[in-house]
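*Asks:* Next come a sequence and a model predicted from it.
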Amino acid sequence: MQSKPIALTILDIISIIVLGVAAYLSLFFAPTEAVMGQVQRVFYFHVGTAWVGLLGFILAAAAGIAYLVTKNMAWDRFEVAAVEVSTMFFFITIVLGSIWARPAWNTWWTWDPRLTTAAVTELIYIAYFMLRQGIDDPEKRARFGAVYTLLGGLSAPITFMVIRLFRTIHPVVIGSASAEAQGGFDMTSDMKVAFFFALFAFTVIFIDLMWNRIRLGQLEESVEQLKLNVAI
Amino acid sequence: MFLETMPDTSAYMIAGFGISFAVMGIYVLSMYLRNTNLKRDAEMLKSLQAENEKSKAKPKPNKKK
């Protein structure tokens, strides 16, 4: 296993800094929303984590295609990293949405089309790890994983588009909302700064975590190889 | 009727940010622990492999008298 590249160490530090700045902008810089009050501030992290969550699921599907075409295990490591990091971020998205919904909609959860598709997406990717755990042969595991992420990847655009296609109470940030949407608001210029910086910050953190997770995958693979060598 | 005062939803906000940081922290910690354990396993396996190679390389004692 090679030592940690200096660029990755720098990216680790930058990630901590941008996370701190994003938290500052969300908590102190952005003005308090007049109707919902302080809880609206979770919106910046909610959208930021949702963006990288869905991005990762799409990247995992692309990596799945790349693996099926090339049979290169590097794509399998990339796919696992993308799914794992995105599942973590998307879990935060769902929890933040639920926390925001309690005062805004007067309920922790409702089976709205957006909430339902988001929950289904998260469950699809939790099941992905259960599937991988059950297969011992690395090539077979990679092949099944690639096909699974390719099919599972469909859930990401569906989750993104569902509030634009169906009647839903979930607000729409970009584009026109459904007439039934509740809890929407117009962003001021300071809110836009916090919003776009949060998107940028979570993109940087996503890249950093992906890189670290890919390296962890390489280490896992080398340990597997060593185990085989010792057994022989 | 319009609401005249803004509702106090600070507790929800604190819970939201607290959970976000906690989940990210736990994930980073899990990656660190997995990395440390794998490195330890790799070291142990390398030493086992070296021992195996040494014992294979040693000439077998001649049993014939």
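*Replies:* That came in fine, so what should we check first?
*Asks:* show me the contacts for A:Leu96.
*Replies:* Under the criterion of Cβ atoms under 8 Å, 6 or more residues apart in numbering or on different chains, the contact list for A:Leu96 reads A:42, A:45-46, A:49, B:16, B:19-20. For every residue, glycine as well, the C-beta is placed using N, CA and C.
*Asks:* The nearest residue in space to A:Asp76 that is not next to it in sequence and A:Asn106, how far apart?
*Replies:* Of all residues not flanking A:Asp76 in the chain, A:Ala142 sits nearest, at 3.9 Å (Cβ to Cβ, 6 or more residues apart in numbering or on different chains). Using Cβ to Cβ, to the nearest Å, A:Ala142 is found at 46 Å from A:Asn106.
*Asks:* Mind checking which of these two has more residues around it?
*Replies:* A:Ala142 (23 against 9; other Cβ atoms under 10 Å in any protein chain shown).
*Asks:* isn't there a helix covering that one?
*Replies:* Yes - counting by DSSP: H, G, I helix; E, B strand; the rest coil, A:Ala142 is part of a helix.
*Asks:* pLDDT wise, what is it at?
*Replies:* For A:Ala142, the model assigns a pLDDT of 96.
*Asks:* any idea where the helices of chain B begin and end?
*Replies:* Remark: helices assigned in chain B by DSSP state H are B:10-57.
*Asks:* ok, the most centrally placed residue in it - contacts?
*Replies:* Centrality entry for chain B: nearest residue to the mean C-alpha point is B:Arg34, 1.9 Å, by Cα atoms, centre = their mean. Contact analysis of B:Arg34 by Cβ under 8 Å, 6+ apart lists A:Leu216.
*Asks:* Tell me the pLDDT of it.
*Replies:* B:Arg34 is given a pLDDT of 97.
*Asks:* what residue ranges in the chain score low on pLDDT?
*Replies:* You didn't say which chain, so I picked chain A. A:1, A:174-184 (pLDDT under 70).
*Asks:* Let me rephrase: I mean chain B.
*Replies:* B:1-4, B:59-65.
*Asks:* where does it come near chain A, residue by residue?
*Replies:* Proximity of chain B to chain A, by Cβ under 8 Å from any Cβ of the partner chain, involves residues B:3, B:6-10, B:12-13, B:15-17, B:19-20, B:23-24, B:27-28, B:31, B:34-35, B:38-39, B:41-42, B:45-46, B:48-49, B:52.
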